[in-house]
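*Asks:* Predicted model and sequence follow; I will ask about them next.
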Amino acid sequence: MLDEEETLTLIRRAKEGDKGAKGELLSHNTSLLKSILRRYLGKGVEYDDLFQLASLGLLKAIMGFDERFGVRFSTYAVPMIAGEIKRFLRDDGSVKVSRAMKKTARDMNRYIEEYAVAHGEQPSVKALAEAFSMEEGEVVFTLGSSRMPVSIYEQTDYKDEKSVTLAEKLPSRETQEEMLDRLVLRSAIEKLPEREKKIVILRFFRDMTQSEVAKAIGVSQVQISRIESKIMDRFRKELG
């Protein structure tokens, strides 16, 4: 970390348009940025995106800092950095997209191109669902992720679909609210420790009783009940 006088010197240079000074301030304050963004991990935003938001908050702090405030720069910067992240989490109405989903979208688009070359036409949503072992609604949602962050009510940009929204493209068997809840639930399950994940799958996707799960896991039924209650509390928080 820089001492206060070195920091002030760089801030003065940064305000005069010195990009190198901004770079130095960002570099020397990396540990500060990381310590702040750790508080917001696990809230649906990737680490790298959080770091970018924190960096933006620091840059705003640099440009807004006035030595006449009579406080250390770090004292002024911390709430600015945290505020930038919290503002994004509070105000951003877009659907957050994980790296895994973005990769699947890329793989899917590559598959569509190869299929079109081989068959002279694009595959149907049903064909894509079968190829990627997904439900049709998830296929549409995943393909839309390549243009996210985006609202599900935003119009698509395909030439022949100028007035169609992503929500309108979802299969009618499932509402967008139900699909989003299921995607959030899947994300919540993936975050669980391996044993807890297994308990959820056995209990709610294979309809096993607590006693049957206890026998399969090798613990008592009482322990399964306690673990299940703990998981349900966590899910309720995840799903709001």
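*Replies:* Nice, I can see it.

*Asks:* Which single helix of the protein contains the most residues?
*Replies:* helix 99-119 (DSSP state H).

*Asks:* For that one, buried residues please.
*Replies:* Under the neighbour-count criterion of 16 or more other CB atoms under 10 Å, helix 99-119 has 101, 104, 105, 108, 112, 115 buried. From N, CA and C alone the C-beta is placed, and that goes for glycine too.

*Asks:* Now do whichever helix or strand comes after that helix: distance to the chain's middle.
*Replies:* Remark: after helix 99-119, the chain's next helix or strand is helix 125-131, criterion DSSP states H and E. The chain centroid and the centroid of helix 125-131 are separated by 25 Å under CA atoms, centre = their mean, to the nearest Å.

*Asks:* average pLDDT for helix 125-131?
*Replies:* For helix 125-131, mean pLDDT rounds to 86.

*Asks:* That one packs against which elements?
*Replies:* helix 99-119, helix 136-144 (3 or more CB pairs under 8 Å, 6 or more residues apart in numbering; DSSP states H and E).

*Asks:* got the domain boundaries for this protein?
*Replies:* Listed domain ranges for the chain are 4-91, 99-172, 192-238 (source: automatic domain parsing).

*Asks:* ranking the ones you listed by mean pLDDT, which is last?
*Replies:* Lowest mean pLDDT within the domains of the chain: domain 99-172, a mean of 67.

*Asks:* Verify the stated contact: residue 135 with residue 125.
*Replies:* No. Using CB atoms under 8 Å, residue 135 is not in contact with residue 125, being 9.9 Å away.

*Asks:* Give the residues shared as contacts by those two.
*Replies:* Residues touching both residue 135 and residue 125 (CB atoms under 8 Å, 6 or more residues apart in numbering): none.

*Asks:* pretty sure residue 89 is touching residue 40, no?
*Replies:* Yes. Using CB under 8 Å as the test, residue 89 is close enough to residue 40 to be in contact (6.8 Å).

*Asks:* Please identify which of the two sits among more neighbours.
*Replies:* Remark: of residue 89 and residue 40, residue 40 carries more neighbours, 18 against 15, as counted by other CB atoms under 10 Å.

*Asks:* State the distance from the nearest residue to that one once chain neighbours are set aside to residue 58.
*Replies:* The spatial neighbour of residue 40 that comes closest, neighbours along the chain excluded (CB to CB, 6 or more residues apart in numbering), is residue 85 at 5.3 Å. Note on residue 85: its distance to residue 58, by CB to CB, to the nearest Å, is 11 Å.

*Asks:* quick one: the helices in the chain?
*Replies:* Taking DSSP H to define them, one finds helices in the chain at 4-15, 19-28, 30-37, 47-64, 73-91, 99-119, 125-131, 136-144, 166-169, 176-190, 194-200, 210-217, 221-238.

*Asks:* most tightly surrounded among the ones you listed?
*Replies:* Stretch with highest mean neighbour count among those: helix 136-144 (a mean of 22; mean count of other CB atoms under 10 Å).
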